[in-house]
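Student: Using only what follows, build the 3D model:
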Amino acid sequence: MKVLIVESSKELSALWRRHLERLGAVVAIAHDQDSATTLLQRRDFSIMVLDLVLDHGSALAVADFASYRRPDCRVIFVTNTSFFSDGSIFRHCANACAYLQSQTEPADLAAMVEHYAGQRVAAGRSV
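Tutor: The predicted model follows:
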């Protein structure tokens, strides 16, 4: 399971990374749009955890780039705002598979990542 975390908060992304690595995931972290798109150009990921509100750049641009460059990479969106709380994120991003609050317990987020990344592997498109 190869995971890309795109989160501006270094502390939060490190916390999520630790939980995912305990599950055996290989995790890369980007803190802005530019570093996320660079990683997506160079490496394959089964799933991305993407904060909707980045300090630098656009999360929707990252998701759009991922759908073009890595079409099998699913996206779990996280946020601490009410953006897209109506579920419309699923109409805007074809690769969206979940929408969670940033305050979600890290173990629960890790379980969601494992679940959705596992669906990709089960479909015969393992990374």
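
Student: Give me the number of neighbouring residues for the residue nearest to residue 17 when sequence neighbours are not counted.
Tutor: Nearest non-adjacent residue to residue 17, counting by Cβ to Cβ, 6 or more residues apart in numbering: residue 27, 4.7 Å away. From N, CA and C alone the C-beta is placed, and that goes for glycine too. By other Cβ atoms under 10 Å, the residues close to residue 27 number 21.

Student: Quick check: residue 92 vs residue 9, distance?
Tutor: 23 Å (Cβ to Cβ, to the nearest Å).

Student: Need the pLDDT of residue 23.
Tutor: We have a pLDDT of 91 for residue 23.

Student: ditto for residue 101
Tutor: For residue 101, pLDDT reads 88.

Student: Is it correct that it is in contact with residue 77?
Tutor: No. Between residue 101 and residue 77 there is no contact under Cβ atoms under 8 Å: 10.2 Å.

Student: if you count what's nearby, which of these two comes out ahead?
Tutor: It is residue 77, of residue 101 and residue 77, that has more neighbours when counted by other Cβ under 10 Å, with 22 against 12.

Student: ok, now which ones touch the more buried one?
Tutor: 50, 51, 52, 59, 63, 84, 89, 93, 96, 98, 99, 100 (Cβ atoms under 8 Å, 6 or more residues apart in numbering).

Student: With adjacent residues omitted, what lies nearest to it?
Tutor: Per Cβ to Cβ, 6+ apart, closest to residue 77 is residue 99, 4.9 Å.

Student: neighbours around the one you found, how many?
Tutor: 19.

Student: swap in residue 22?
Tutor: When neighbours are defined as other Cβ under 10 Å, residue 22 has 11 of them.

Student: Please tell me how far it sits from residue 114.
Tutor: For residue 22, the distance to residue 114 - Cβ to Cβ - is 10 Å.
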